[in-house]
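Participant: Just the structure for this:
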Amino acid sequence: MKVMQLLPALNSGGVERGTLDLARMLVLAGHESIVVSNGGSLVPRLESEGSKHFTLSIHKKSLSSLLQVRPLRQLIQQESPDVLHVRSRIPAWITFLAWRKLTASSRPRLISTAHGLYSVNRYSAIMASSEQVIAISECVNNYLQSNYEAYLQRPPEIIYRGVDTDEFNPNIPLPTGWRESIEQEFPNLRSKRWLLLPGRLTRWKGQEDFIDLIQRLSFNRSDIHGIILGGAEPNKSHYEEELKQQVKEKGVESYLTFVGHRSDIRHWYKESSLVYNLSKRPEPFGRTVIESAAMETPVIGYNVGGPAESLRICFPQGLVEQDDAEGLYNRTQALLSDPKQKSTLSEDFTLKRQAEHTIEVYKAMIKEPSQTYDSD
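Facilitator: Reported below is the predicted structural model:
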């Protein structure tokens, strides 16, 4: 089986990581993997893991992107993939326009993954217009069914994003001297129980609720330290300064540390007593929840969107109603008093199962006869 995935670029982000993970698993399962994008820093890694990459400008939200329809159609004809798998709106439009002009006998199966809760309009509807849509959570599935039912050719297939359990594994020891190095860099973390809030710094990720929680805990606990892990986007550095000012005003500078973006997040999960996901908007999925669960660290999160869905399966005792400051405080105290509690990663949230399920969808689609499509 030959699979061609299409996305804007290969630099960083959840869609990019998912593309690379699936490409690697396809190769390991003996299939051919092709990725089409505008290129990026992850291309060498993709190719080193056995996939082919073709560079096309399928990333611009511009009418000029229509110029890529013919080159993409020619590439599809040249490579003859069995499956086209689109993961973003602009590539999906370009792919759809190229695909529909192919003859039924040469047309690959067209599959899309809905990674988000897209704005409701005709532009976004392309993600629901493939022959088979994959939704990354029940939350996304419900959103598609509610807003794009007219475009769906069949019910979406729910395939959760998966954790690479070879990487996120609690049995892997910390690098020698890792914690000592961190505590030397951030002395206030020394000999404390870490409470970790990972995620980029933005107003709806819950950093302000976390600061309030740490302030309240500081009144009667000297054993804890809050950690905000994640950086601000270039145009949002003012928000980081605003948060740090709040920490200062609440008098918890010795109880809370900003550690910035980190590439070794699995070690932070492992060393933390509790991890938090306090997003105030419904998010399509809760990657920090399942990564923490893979490391067996208890997670506390609001009962909203995809993260809540993951929590209900991996650690339901960590669910708290949104904006319930009292519930957040009480749940934290209860879990800190019971350090033997561990979260458990469901097999449905493993990269292995994600790849297996996706390949099952591919094979089922390939077996179906191609539908006649008006290409004129």
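
Participant: What is the longest helix along the chain packed up against?
Facilitator: Ranked by residue count, the top helix of the chain under DSSP state H comes out as helix 351-367. Applying 3 or more Cβ pairs under 8 Å, 6 or more residues apart in numbering; DSSP states H and E, one finds that helix 351-367 contacts helix 14-28, strand 83-86, strand 109-114, strand 132-135. Any C-beta I mention is one placed from the backbone N, CA and C, and that applies to glycine too.

Participant: Just the buried positions in the longest one, please.
Facilitator: This points to helix 14-28. 15-16, 18-26 (16 or more other Cβ atoms under 10 Å).

Participant: Show me which of those residues is closest to Gln132.
Facilitator: Nearest to Gln132 among the buried residues of helix 14-28, counting by Cβ to Cβ, is Leu22 at 15.1 Å.

Participant: hmm, back to that, would CSV of the helices and strands packed on helix 351-367 with distance to Lys2 and mean pLDDT be doable?
Facilitator: Listed next are the helices and strands packed on helix 351-367 as CSV, based on distance: least, Cβ to Cβ, whole Å; pLDDT from 0 to 100:
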stretch, distance to Lys2, mean pLDDT
helix 14-28, 9, 93
strand 83-86, 8, 98
strand 109-114, 11, 97
strand 132-135, 17, 98
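
Participant: and of these, who's closest to Ala150?
Facilitator: strand 132-135 (13.1 Å).

Participant: give me the element the closest residue to Leu174 other than its chain neighbours is part of.
Facilitator: Computed as Cβ to Cβ, 6 or more residues apart in numbering, the closest residue to Leu174 that is not its neighbour in sequence is His267, at 5.7 Å. Element membership for His267, per DSSP states H and E: helix 265-271.

Participant: Remind me what that helix packs against, helices and strands.
Facilitator: By 3+ Cβ pairs under 8 Å, 6+ apart, helix 265-271 packs against strand 193-198, strand 224-229, helix 287-294.

Participant: Stretch 255-264: which residues count as buried?
Facilitator: In stretch 255-264, counting by 16+ other Cβ under 10 Å, buried: 255-259.

Participant: do the same with stretch 175-194
Facilitator: For stretch 175-194, by 16+ other Cβ under 10 Å, it's 182, 189, 192, 194.

Participant: which pair in those residues spans the largest distance?
Facilitator: Ile182 and Lys192 (11.3 Å).

Participant: all helices of this structure, in order?
Facilitator: Going by DSSP H, the chain shows helices at 14-28, 43-48, 69-79, 89-99, 122-125, 138-147, 178-185, 207-218, 237-249, 265-271, 287-294, 305-314, 325-336, 351-367.

Participant: returning to what we had before: take the buried residues of helix 14-28 and lay them out in a markdown table including distance to Leu102.
Facilitator: Conversion of the buried residues of helix 14-28 to a markdown table gives the following (distance: Cβ to Cβ, whole Å):
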| residue | distance to Leu102 |
| --- | --- |
| Val15 | 25 |
| Glu16 | 27 |
| Gly18 | 26 |
| Thr19 | 23 |
| Leu20 | 27 |
| Asp21 | 28 |
| Leu22 | 23 |
| Ala23 | 23 |
| Arg24 | 28 |
| Met25 | 27 |
| Leu26 | 22 |
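
Participant: from what I can see Arg45 touches Asp21, true?
Facilitator: No: with contact defined as Cβ atoms under 8 Å, Arg45 does not reach Asp21; the gap is 11.2 Å.

Participant: that older thread, what residues does the longest helix of the chain touch?
Facilitator: 1, 3, 21-22, 25-26, 29, 31, 82-83, 109, 111, 131-132, 134, 157, 159-165, 347 (Cβ atoms under 8 Å, 6 or more residues apart in numbering).

Participant: Buried only: go through those for me.
Facilitator: 3, 21-22, 25-26, 31, 82-83, 109, 111, 131-132, 134, 157, 159-164.

Participant: Now do the contacts for Asn171.
Facilitator: Contacts of Asn171 (Cβ under 8 Å, 6+ apart): none.

Participant: And the pLDDT at it?
Facilitator: In the predicted model, Asn171 carries a pLDDT score of 96.

Participant: Local confidence estimate at the nearest residue to Glu321 once chain neighbours are set aside?
Facilitator: In space, and not counting its chain neighbours, Glu321 is closest to Asn303: 5.4 Å by Cβ to Cβ, 6+ apart. Asn303 carries a pLDDT value of 96.

Participant: for the helices and strands packed on helix 265-271, which one ends up most surrounded?
Facilitator: Per residue and on average, the most neighbours among those fall to helix 287-294, with a mean of 27 (mean count of other Cβ atoms under 10 Å).

Participant: as a whole number, average confidence for that one?
Facilitator: For helix 287-294, the per-residue pLDDT averages 96.

Participant: what residues does that helix touch?
Facilitator: Taking Cβ under 8 Å, 6+ apart as the rule, helix 287-294 contacts 14, 160-163, 165, 168-170, 198-199, 265-266, 269, 272, 275, 277, 298-299, 301, 307, 310-311, 314-315, 343-346, 349.
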